[in-house]
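Enquirer: Sharing a sequence plus its predicted fold:
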Protein chains: 2
Amino acid sequence: MNRRDRQREETRERIVAAAVECFAERGFRAASTREIASRAGTNQGLITYHFKSKDELWKAAADALFGSLRAQLRARLTPALETVDPRERTRQFIREFVRFAAEHPELFRFMLEAGKADDERMGWLVDTHLRPTYEANDRFGAGVPEELRPHFQYILVGAASVIFAVAPECRRLTGLDPTQREAIERHADVVARLLVP
Amino acid sequence: MNRRDRQREETRERIVAAAVECFAERGFRAASTREIASRAGTNQGLITYHFKSKDELWKAAADALFGSLRAQLRARLTPALETVDPRERTRQFIREFVRFAAEHPELFRFMLEAGKADDERMGWLVDTHLRPTYEANDRFGAGVPEELRPHFQYILVGAASVIFAVAPECRRLTGLDPTQREAIERHADVVARLLVP
DNA sequence: CTGTTCACTGATCGAGTGACAAGCCAGATC
DNA sequence: GATCTGGCTTGTCACTCGATCAGTGAACAG
């Protein structure tokens, strides 16, 4: 690959990384391309050059976030499948999911911001990223009746993620800092034991 | 009270109601005072007249939302306290909380949007509204050890609310419409039985 | 070495944004 | 019934937004 092409690639990646941060922190509309450019160390015009529009940049950010993290999540969840006892296996699965949610609160924020409105971005995100992830996690819901699957899915996601998504609030409200390793492990344990008694 | 004063009050309430909607749907920055004014059936200038700034309007909206809903929630939760069996009482409590979350998804959206950043609005919301609510719900966590309280709190909120906060996404992803009465009751039942085995 | 390509910059556009101020007129006051 | 108060409208301010585009210069091809 060319030196120019490598430079191009690296710049795009810097912009996408900054975009993931901004979109997760502020939401689509409130995130400005100028701030994204600034965090990436360039100017705003370059964003429209690489990604035709803000919408396209958002999709690129979603691709980077969900693509990378889905692979990472699968890699971390599969060892749990080796556990023999099925209930303990599911608990391991859940604990690992909670740890993952703690390390990547931007994933939940991204999903929640996109999922609340019935617009084109939501449709795209569901069809492109959420459905594959959802179906991949069916291994987890093996023992759950068909009509309860969606409930369990969202209960798990909510129970695991919310405390990390509102970490500043939790710190101020309860004094507990959910970013501490100890708190993460405790949360993982509580969620796992609640969902699999 | 004067006719003018009544008119004034009613107008302010219309604006606040529109503001609650907009802030919950779009977040603070992405919600525009012009859209709020339009939904309230007036013009943008009137907002600055009644509420000096957008920040003040946001606080007024939070006051209306949390104030009214905390009272309403307490009214709906206290009957559950009459149940004799302590575990069943807690389950009733949780079921009612889930129903409440289903009817008022804007509460969770509001809380989540405010709680993710460590800014002045978050501090104000915690000190003014969240802490009182949090402490009032201590009746619920009677049997829970001190250091697990925050975890249970956020697990309950997340498990109960997320599916309703991303209702459009849930509909498209799973085919289940979480706004249907049947789905709400099922969700309430699942959450209650999970959190109190 | 020469000419071309193309990642990148900086300026500018129209369409919003929140805050502000001057005027209007129904309703309160006397 | 004249006067005045104050809720409300309209227009405007400086500013930010995403998008567009001419211009620049280093890396490329021949």
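Expert: Arrived safely. Just so you know, these numbers come straight off a predicted model, no measurement behind them.
Enquirer: wait, does stretch A:177-195 contact chain B?
Expert: Yes. Part of stretch A:177-195 sits near chain B under the criterion Cβ under 8 Å from any Cβ of the partner chain, namely A:178, A:186, A:187, A:190, A:191, A:194, A:195. (C-beta placed from N, C-alpha, C; glycine too.)
Enquirer: Per-residue pLDDT of residue A:140, please?
Expert: Model confidence at residue A:140, expressed as pLDDT, equals 64.
Enquirer: I'd like to know how many residues surround residue A:64.
Expert: Using other Cβ atoms under 10 Å in any protein chain shown, the number of residues around residue A:64 comes to 16.
Enquirer: Pull the contacting residues for it.
Expert: Under the criterion of Cβ atoms under 8 Å, 6 or more residues apart in numbering or on different chains, the neighbours of residue A:64 are A:16, A:17, A:20.
Enquirer: now, which of the residues you listed lie within helices?
Expert: Per DSSP state H, helices hold the following members of those: A:16, A:17, A:20.
Enquirer: where's residue A:150, which helix or strand?
Expert: Per DSSP states H and E, residue A:150 falls inside helix A:149-165.
Enquirer: chain center to that helix, what's the gap?
Expert: If you compare the mean C-alpha spot of helix A:149-165 with that of the full chain, they lie 12 Å apart, counting by Cα atoms, centre = their mean, to the nearest Å.
Enquirer: Then stretch A:27-43?
Expert: A distance of 20 Å separates the C-alpha centroid of stretch A:27-43 from that of its chain, computed with Cα atoms, centre = their mean.
Enquirer: just stretch A:127-145 next, same as before
Expert: With Cα atoms, centre = their mean as the basis, stretch A:127-145 stands 15 Å off its chain's centre.
Enquirer: ok, now stretch A:177-184?
Expert: Mean C-alpha position of stretch A:177-184 versus that of the full chain (Cα atoms, centre = their mean) differs by 18 Å.
Enquirer: ok, now stretch A:161-173?
Expert: Worked out by Cα atoms, centre = their mean, stretch A:161-173 lies 16 Å from the chain centre.
Enquirer: Same question for stretch A:163-182.
Expert: Its chain's C-alpha centre and that of stretch A:163-182 lie 18 Å apart, by Cα atoms, centre = their mean.
Enquirer: average model confidence for that stretch?
Expert: For stretch A:163-182, the per-residue pLDDT values average out at 97.
Enquirer: Give me the contacts around it.
Expert: By Cβ under 8 Å, 6+ apart, the list of residues contacting stretch A:163-182 reads A:101-102, A:105, A:108-109, A:112, A:183-184, A:187, B:111-112, B:114-118, B:122-123, B:125-126, B:130-131, B:134, B:149-151, B:153-155, B:158.
Enquirer: Select only the buried ones of those in ChimeraX?
Expert: This is how ChimeraX selects the buried members of the contacts of stretch A:163-182, with burial counted by 16 or more other Cβ atoms under 10 Å in any protein chain shown:
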select /A:101,102,105,108,109,112,183,184,187 /B:111,112,114,115,116,122,125,126,130,134,149,150,151,153,154,155,158
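Enquirer: Just the ones of the contacts of stretch A:163-182 in strands?
Expert: Using DSSP state E, no member of the contacts of stretch A:163-182 sits in strands.
Enquirer: Restricted to helices, list the contacts of stretch A:163-182.
Expert: In helices, judged by DSSP H, the following of the contacts of stretch A:163-182 are found: A:101-102, A:105, A:108-109, A:112, A:183-184, A:187, B:111-112, B:114-115, B:122-123, B:125, B:131, B:134, B:149-151, B:153-155, B:158.
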